[in-house]
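build me a model:
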Amino acid sequence: MKLKDAMRGYDYDLPLKDALNDRELSVDRRVMAGATVGIGLDVAYLSVCQLEEAFAALAMDLSNGVEQGRGYEDLADILKDQSPYQMRIWHLLDTTPLELALEDLAWLKSLTYRRARMARVVSEEKLAIRYVTDEALCEGVTAAQLMARVSAAD
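Modelled structure (predicted):
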């Protein structure tokens, strides 16, 4: 079998589904992987990077004895933006000890990077890069869309 044949119709969510079903991973990591299924390749990676940077800045603030420093401001901005994916990850980590949350975010960042990296492999094989997000498959209006309309009108 040629690589091109094996890569045709590649499921970019496969690494996430593998992590979701990996009983050796912590429940938090499995749930974070599941929360990422259906999220755009670039959106997932960039969103996790932004969260990881904000959590790292918050940890730096804590170690420097700063209460409302850059980390606080960065996380406040993320929470204000109300990105549905980032909010999912936030609610999974908001009560997790900060150092463990940073480890989990580094793990998720690596996973989302490797997932998105497969788009290059598919492209190098001259195959069409096709990834359909959950949002694109949605047939009706979502609660997030309705709330965004109300927020935009204010």
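
excluding its backbone neighbours, what's nearest the residue nearest the centre of the chain?
Centroid-nearest residue in the chain, with Cα atoms, centre = their mean: Ala44, separated by 3.6 Å. Nearest non-adjacent residue to Ala44, counting by Cβ to Cβ, 6 or more residues apart in numbering: Thr112, 4.5 Å away. Every C-beta, even on glycine, is put in place using the N, C-alpha and C of the backbone.

could you do Asp42 as well?
In space, and not counting its chain neighbours, Asp42 is closest to Ala116: 6.5 Å by Cβ to Cβ, 6+ apart.

from the contact counts, what lies against the helix or strand where the one you found lies?
In this assignment (DSSP states H and E), Ala116 forms part of helix 98-124. Counting contacts by 3 or more Cβ pairs under 8 Å, 6 or more residues apart in numbering; DSSP states H and E, helix 98-124 packs against helix 14-20, helix 27-36, helix 41-63, helix 84-93.

pLDDT wise, what is the residue nearest to Ala44 at?
pLDDT for Thr112: 95.

ok, it touching Thr36?
Yes - Thr112 sits in contact with Thr36 when judged by Cβ atoms under 8 Å, with a separation of 6.4 Å.

which neighbours do these two have in common?
Common neighbours of Thr112 and Thr36 (criterion: Cβ atoms under 8 Å, 6 or more residues apart in numbering): Ala44.
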